[in-house]
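> this one's sequence-less:
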């Protein structure tokens with residue numbers, strides 16, 4: 001199945017910068033709940049972040065590795081926050 005290009009219908013996993021559709025993400029969450037497993041990424045099995053700070057750390061690790069999806073995500077976050085200088089810096093990295 002093709003992954004939806006609409007950002008509201010997909011989720012970026014911050015640990016590995018993979019994009020997963022909302023339905024597949026939900027299906028994985030249901031499996032984790034039903035089998036009483038710890039929440040992990042469906043791609044890399046890295047433990048899910050437990051706070052926004054941990055989420056931010058994961059993205060910054062990917063940015064430091066020059067991951068294009070992570071740098072784009074940081075650019076979008078800074079743009080939404082009104083920090084256009086940093087948004088431009090990340091977009092042109």
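Noted; the coordinates are in hand. Only a predicted model underlies this, so the values are computations on that prediction, with no experimental measurement involved.

> From here on, just use CA atoms for contacts and neighbour counts.
OK.

> ok, residue 50 - how many residues close by?
Residue 50: 9 surrounding residues under other C-alpha atoms under 10 Å.

> Is it located within a helix, as I assumed?
No. Looking at residue 50 with DSSP: H, G, I helix; E, B strand; the rest coil, it is coil, so not inside a helix.

> Return the backbone torsion pair for it.
phi -100, psi -10 (degrees, to the nearest 10).

> so where's the protein uncertain?
Scanning the chain for pLDDT under 70 picks out 1-5.

> One more pass at 50, please.
Of all residues in the chain, none has pLDDT under 50.

> now the helices for it?
22-34, 52-64, 68-80, 84-91 (DSSP state H).

> nearest residue to residue 67 other than its sequence neighbours?
Leaving aside its chain neighbours, residue 67 sits nearest to residue 17 (7.7 Å; criterion: C-alpha to C-alpha, 6 or more residues apart in numbering).

> ok, now how distant is that neighbour from residue 55?
Going from residue 17 to residue 55 by C-alpha to C-alpha, to the nearest Å gives 11 Å.

> If you count surrounding residues, which of these two has more?
residue 17 (20 against 15).

> out of the helices of the chain, which comes closest to residue 41?
helix 22-34 (8.7 Å; C-alpha to C-alpha).

> contacting residues around that closest one?
9, 10, 11, 38, 39, 42 (C-alpha atoms under 8 Å, 6 or more residues apart in numbering).

> now do stretch 51-59
Outside stretch 51-59, the residues within contact range by C-alpha under 8 Å, 6+ apart are 14, 15, 17, 49, 70, 74.

> Can you pick out the most distant pair from those?
49 and 74 (16.9 Å).

> Tell me which of those two has more neighbours.
Neighbour count, other C-alpha under 10 Å: between residue 49 and residue 74, residue 74 has more, with 22 against 18.

> end to end, how far does stretch 71-87 reach?
9 Å.

> ok, back up a step: of the helices of the chain, which stretch is the most buried?
helix 68-80 (a mean of 19; mean count of other C-alpha atoms under 10 Å).
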